[in-house]
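Colleague: below: sequence and its predicted model.
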Amino acid sequence: MTKNILYSRHINEYLDELRQLTNHCVKDTDLLSLKETENIKDLATLLYDKNISNTEIPFKEKKEKLFQDYIRMLFEVNSSPIYIWTPRTNICGTYEINSILEFNFEFNFNVNSEGIIVILAKNFEDQMTLDFSIDENNNELLEIEVVGDNWCKKPMLINEK
């Protein structure tokens, strides 16, 4: 399929997803171009050799004060604007918000069917991957992977793998 057809097929779903992840009124004109998106994707490879930490928590715990405190600590060490990356970003464009504090971590489990969201600091120093799934006991889980020089320095406040 051509890029225009893919874009047309997914843009409304993508904008709805971004609205849930930011509580912003996101329009297609707020998205970066596909060329800019590709450049960001290429620059994100700078993180491949950085520190990494992982943990897994029950999905609902991301609404708890302990997790919110952790996010505030991440902001304190890297207050860069962030790019939000989901599977539809590659065909619709990247969305940028002012900081990790603007990201809505209270998003619903069904925000996207793929169960993956990446938060990338615009200065390309840190990245967080949120991978949500259901285990064999039907529990909703959230795996959190943090990569970078700043965000990995902060204890996750939760059980690290």
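Modeller: That came in fine, so what should we check first? Numbering: from 1, shown residues only.
Colleague: quick check: Asn90 vs Trp151, distance?
Modeller: In this view, Asn90 and Trp151 are 23 Å apart by CB to CB, to the nearest Å. Glycine gets a C-beta too; all of them are placed from N, C-alpha and C.
Colleague: higher neighbour count, those two?
Modeller: With neighbours defined as other CB atoms under 10 Å, Asn90 and Trp151 compare such that Trp151 has more, 26 against 16.
Colleague: quick one: neighbours of the residue nearest to that one when sequence neighbours are not counted, just the number.
Modeller: In space, and not counting its chain neighbours, Trp151 is closest to Asp126: 4.1 Å by CB to CB, 6 or more residues apart in numbering. By the criterion of other CB under 10 Å, Asp126 has 26 neighbours.
Colleague: residues contacting Asp126?
Modeller: Residues in contact with Asp126 (CB atoms under 8 Å, 6 or more residues apart in numbering) are 47, 74, 78, 80, 120, 146-152.
Colleague: among those, name the ones in helices.
Modeller: In helices, defined here by DSSP state H, the members of those are Leu74.
Colleague: nearest to Ile5, of the contacts of Asp126?
Modeller: Leu120 (26.9 Å; CB to CB).
Colleague: show me the contacts for Ile91.
Modeller: 3, 6-7, 10, 34.
Colleague: give me the pLDDT value at it.
Modeller: We note a pLDDT of 94 for Ile91 in this prediction.
Colleague: got the contacts of Asp126 as a markdown table, with distance to Asn108 columns?
Modeller: Below are the contacts of Asp126 laid out as a markdown table (distance: CB to CB, whole Å):
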| residue | distance to Asn108 |
| --- | --- |
| Leu47 | 28 |
| Leu74 | 22 |
| Asn78 | 27 |
| Ser80 | 26 |
| Leu120 | 22 |
| Val146 | 22 |
| Val147 | 25 |
| Gly148 | 27 |
| Asp149 | 32 |
| Asn150 | 29 |
| Trp151 | 24 |
| Cys152 | 28 |
